[in-house]
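[1] Please work out how this folds:
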Amino acid sequence: MNIIMDSTRKFGILWEKNSECNGFIYGKIQIIIGENIYPKICPCKYFTLNTVFNSLKSSFEEKYYAGGNNGLDFGEQLFDIDKYNSLELCNIFSIDTTYMSGGSNCEIDCLVLEMGYSGEEERLFYSFDNGKNFKEIRYKKGTVESVIFQLNL
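    Model (predicted):
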């Protein structure tokens, strides 16, 4: 098992290569967020790690702000789930975890990551239930991006 974590050990990614075919590398992956890990139990199915890693990195290269971006930080405003669901929550962007979804169990077990900045901090909003409920953790600005860009196969 490979692991990359930030210096505080509060954000990290675990992965394991299982096979390779035609340039695609298949394996298992889990994300550490604070005291939580997603998925809690290492998945029994394999993911295309090339695709998962590229999607995570692309989220920072071309940020997607579903609710728009006015060039300001998200700041200290509340993460309003109603505004989020109505695509009205401005200045947060999505971190693409589509390719590590829970498959048929996605309604009850699907990771959603959203990021907003507040000065020198980044606010990571995460959901393990496909966006029905969100929790927040704060990191020093650049933490999540730094860990993600260390991912290599």
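
[2] Give me the buried positions along the longest helix belonging to the chain.
    In the chain, ranked by residue count with DSSP state H as the criterion, the top helix is helix 49-61. The neighbour-count check on helix 49-61 (16 or more other Cβ atoms under 10 Å) flags Leu49, Asn50, Thr51, Val52, Phe53, Ser55, Leu56, Lys57, Ser59, Phe60 as buried. Just so you know, the C-beta spots here come from the backbone N, C-alpha and C atoms, and that holds for glycine as well.

[3] Show me where this structure has its helices.
    49-61, 81-85, 143-148.

[4] Can I get these in JSON lines including distance to Phe134 and mean pLDDT?
    Formatted as JSON lines, the entries for these read as follows, by distance: least, Cβ to Cβ, whole Å; pLDDT from 0 to 100:
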{"stretch": "helix 49-61", "distance to Phe134": "17", "mean pLDDT": "97"}
{"stretch": "helix 81-85", "distance to Phe134": "6", "mean pLDDT": "96"}
{"stretch": "helix 143-148", "distance to Phe134": "15", "mean pLDDT": "98"}
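
[5] Distance to Tyr117 added to those, as a markdown table?
    Shown next, in a markdown table, are those (distance: least, Cβ to Cβ, whole Å):
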| stretch | distance to Tyr117 |
| --- | --- |
| helix 49-61 | 12 |
| helix 81-85 | 16 |
| helix 143-148 | 11 |
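
[6] Out of these, which gets nearest to Ile3?
    Among the helices of the chain, helix 143-148 comes nearest to Ile3, with 10.1 Å by Cβ to Cβ.

[7] And that closest one, what does it pack against?
    The contact analysis (3 or more Cβ pairs under 8 Å, 6 or more residues apart in numbering; DSSP states H and E) places helix 143-148 against strand 11-21, helix 49-61, strand 121-127.

[8] ok, back up a step: what angle do the longest helix of the chain and strand 11-21 make?
    Our comparison of helix 49-61 with strand 11-21, counting by axes from the mean of the first three to the mean of the last three Cα atoms, to 10 degrees, yields an angle of 140 degrees.

[9] ok, residues contacting helix 49-61?
    For helix 49-61, contacts defined as Cβ atoms under 8 Å, 6 or more residues apart in numbering pick out 15, 17, 23-27, 29, 93-100, 145, 148-149, 151-153.

[10] Same check on stretch 9-25?
    Taking Cβ under 8 Å, 6+ apart as the criterion, the residues outside stretch 9-25 that touch it are 1-6, 26-34, 37, 42, 46, 48-51, 124, 137, 139, 143-144, 147-148, 151, 153.
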